[in-house]
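S.K.: here are the coordinates; sequence isn't available:
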């Protein structure tokens, strides 16, 4: 990997899906500083966010990125989450009229590993994929989701790409028996 891949493995390790982590380690993708911050903030706890944001802030040569990351770190340390101060920095440094409308929700274009009718699992539940994410300029990171239905009922769910894993045959059998 080249110098643009600073913290790549640590960022990928934040992703809950072992399937996606393995894929991204075998097939690395380019991620900007703000895309890395998005993945970190979406999937990590406060301590990990703070530690990795500090490393990103030290590494970036962009003053806007540095200010945004340092603002987020400050708010996390004082109020426990990213709040209005960081939102104001984001709006002033990155003015735009299309998503993302909030800091650290950059589209990351993570690989879509599953397709329609695949059986996946997420947080102990088993689902059938109805459709894959359709990412465009009206989306943000929270939209990078599969539309799915549990095998044991008809309620639809949006499963984030970073949380979806291939279900085992045993998990499928258990889910089908719960119907």
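M.R.: Now that the structure is in, tell me what you want to look at. These numbers come from a predicted model, not from an experiment.

S.K.: report the residue spans of this structure with pLDDT below the cut-off.
M.R.: 1-4, 175, 179 (pLDDT under 70).

S.K.: at 90 instead, please
M.R.: Applying pLDDT under 90 to the chain picks out residues 1-6, 96, 124, 135, 137, 151-154, 168-179.

S.K.: report the central residue of it.
M.R.: Residue closest to the average C-alpha location in the chain (Cα atoms, centre = their mean): residue 39, at 4.2 Å.

S.K.: and the gap between it and residue 105?
M.R.: 11 Å (Cβ to Cβ, to the nearest Å). Using the backbone N, CA and C atoms, a C-beta is placed for each residue, glycine as well.

S.K.: overlap in contacts, these two.
M.R.: residue 141 (Cβ atoms under 8 Å, 6 or more residues apart in numbering).

S.K.: returning to what we had before: the residue nearest to the centre of the chain belongs to a strand, doesn't it?
M.R.: No: counting by DSSP: H, G, I helix; E, B strand; the rest coil, residue 39 is not part of a strand but helix.

S.K.: excluding sequence neighbours, find me the nearest residue to it.
M.R.: residue 11 (5.3 Å; Cβ to Cβ, 6 or more residues apart in numbering).

S.K.: just give the number of residues close to the one you found.
M.R.: Residues lying near residue 11 (other Cβ atoms under 10 Å) number 23.

S.K.: the protein: strands as residue ranges?
M.R.: 119-122, 125-131, 145-150, 157-160, 165-166 (DSSP state E).

S.K.: and of these, who's closest to residue 21?
M.R.: Of all the strands of the chain, strand 165-166 sits nearest to residue 21, with 9.8 Å by Cβ to Cβ.
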